[in-house]
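J.: Model the structure of this input:
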Amino acid sequence: MRAAAISTPRLDKMPGMFFSTNAKELKETDHSLLDDKTHKKRPKTFGMDVKAYLRSMIPHLESGIKTSKSKDILSVNEVMQWSQSLEKLLANQIGQDVFGNFLKSEFSEENLEFWLACEDYKKTESHLLHCKAEKIYKAFVHSDAAKQINIDFHTRESTAKKIKAPTPTCFDEAQKIIYTLMEKDSYPRFLKSNMYLNLLNELQANSLK
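T.: Numbering: from 1, shown residues only. Here you go, the predicted structure:
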């Protein structure tokens, strides 16, 4: 007896299954898949590049920097304005963070911390002034303060007397001295530092992409 012929169904003809029998088509398909994967690995947007760069300088920095689609992104103009005056630098939240990080590298971050504490103190409600004044004095002004600021003996003694009957202006004299110290000493060095110049160069380079 002759064995019955067994027909093998063609896979490309089976319902619900689609195969290309053309080797060229298969090769082209592989390339298209690779291209898709390549497109997915495109560089991040300008905003994200700046965010990553700033995070590398300031590990704790999370807020204030958005993607390039946001109006809040740090711009070249903003960073260039920091060089116009210390006032403009400190008026910018990211500027405060970058400058604060620079002061840490010089072991003088207490100056900015004290200045910011004084700015916050001025906005304090009257019934909380005494408590907050004591904290600021013990942290920065007292002769045994852990973060003692560099002020003269007269100002230190004068401030100690003022906080006994605290007003929103009792730290003004000391704050002015510290601001002048930063303005004449740390701020000019900051503008010449790699920290500031690298950030400015990074922003300028990205703005041209």
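
J.: Count the neighbours of residue 88 for me.
T.: 14 (other CB atoms under 10 Å). The way it works is simple: take the backbone N, C-alpha and C, and place the C-beta from them, glycine included.

J.: Correction: the previous question concerned residue 75.
T.: 13.

J.: Just to check, it is in contact with residue 203?
T.: Yes - if you go by CB atoms under 8 Å, residue 75 and residue 203 touch, sitting 7.1 Å apart.

J.: Show me which residues of stretch 110-123 are buried.
T.: Residues of stretch 110-123 classed as buried: 110-115, 117-118, 121 (neighbour count, 16 or more other CB atoms under 10 Å).

J.: lowest-confidence helix or strand of this structure?
T.: One helix or strand of the chain scores below all others by mean pLDDT, DSSP states H and E: helix 23-40, with a mean of 45.

J.: Ramachandran angles for residue 123?
T.: phi -100, psi 0 (degrees, to the nearest 10).

J.: how about it, what does it touch?
T.: Counting by CB atoms under 8 Å, 6 or more residues apart in numbering, residue 123 touches no other residue.

J.: so what's it scoring on pLDDT?
T.: Here, the pLDDT recorded for residue 123 equals 96.

J.: ok, now residue 13?
T.: 47.

J.: What are the buried residues along stretch 149-169?
T.: Within stretch 149-169, judged by 16+ other CB under 10 Å, the buried ones are 149, 151, 155-156, 159, 162-163, 166.

J.: what distance separates the start and the end of stretch 127-145?
T.: Taking CA to CA, to the nearest Å, stretch 127-145 runs 25 Å from one end to the other.

J.: Show me what that stretch is in contact with.
T.: With CB under 8 Å, 6+ apart, stretch 127-145 has contacts from 110, 113-114, 117-118, 121, 124, 146-149, 151, 156, 159-160, 163, 166-168, 170-171, 174.

J.: quick one: low-confidence ranges for the protein?
T.: 1-72, 209 (pLDDT under 70).

J.: the helices in it, which residues?
T.: Under the criterion DSSP state H, helices of the chain are mapped to 23-40, 46-57, 76-81, 86-90, 93-105, 109-121, 129-136, 153-162, 172-181, 187-192, 194-207.

J.: Output the buried residues of stretch 110-123 in CSV, with distance to residue 187 appended to each entry.
T.: Output for the buried residues of stretch 110-123, formatted as CSV (distance: CB to CB, whole Å):
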residue, distance to residue 187
110, 16
111, 10
112, 10
113, 16
114, 15
115, 12
117, 19
118, 17
121, 22
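
J.: wait, which of the residues you listed is closest to residue 198?
T.: residue 112 (20.2 Å; CB to CB).

J.: Quick check: the closest one vs residue 157, distance?
T.: In this structure, residue 112 and residue 157 are 24 Å apart, going by CB to CB, to the nearest Å.
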